[in-house]
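Below: sequence and its predicted model.
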Amino acid sequence: MEKIRVWARQYGYEFKDFDFVFERGDEGQADLARIASQLLSVDPIFKPKSHSVAFQAADLIAYEHYKAHVKLLPEPDGTMGIEDLRIPFQSLVSIPGSAEWSFVDRDNLLGDCVLHGVAKRKCI
């Protein structure tokens, strides 16, 4: 949400006009709502997956981003051209601000959880 706030400012949009919709049912929704409210004055909306086609688009973007990183990791210099990526990912780069997309790894996510007081959960 913070990256979207920065993106909105950069491209002339009002951050307050954005709705943040998440799939209902995942553990930790209360933590997400609390952190979003405290840090960004945002009240996330939680909907079942069946009620939002946007979740399918988000799944596609996440999958293509993941596939790009998997392909990039073995590269000796850590770089590739856009032409080296899958065609669906190539089309995503036309979205304004897509150059700022990033991959959140386990250490980043754990650090953010500690920083914001998100309790550890059992792994199943």
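Cool, got the structure.

Chain neighbours aside, what residue packs nearest to F55?
K49 (5.2 Å; Cβ to Cβ, 6 or more residues apart in numbering). (Glycine included, C-beta is placed from N, CA and C.)

Could you check the pLDDT of that neighbour?
As predicted, K49 sits at a pLDDT of 80.

C113 and S41, how far apart?
21 Å (Cβ to Cβ, to the nearest Å).

For those two, indicate the residue with more neighbours.
C113 (16 against 9; other Cβ atoms under 10 Å).

Show me the contact partners of the lowest-mean-pLDDT helix or strand in the chain.
Among the helices and strands of the chain, helix 87-92 carries the lowest confidence by mean pLDDT, DSSP states H and E, at a mean of 74. With contact meaning Cβ atoms under 8 Å, 6 or more residues apart in numbering, helix 87-92 is reached by 60-61, 64-65, 67-68, 82-83, 98.
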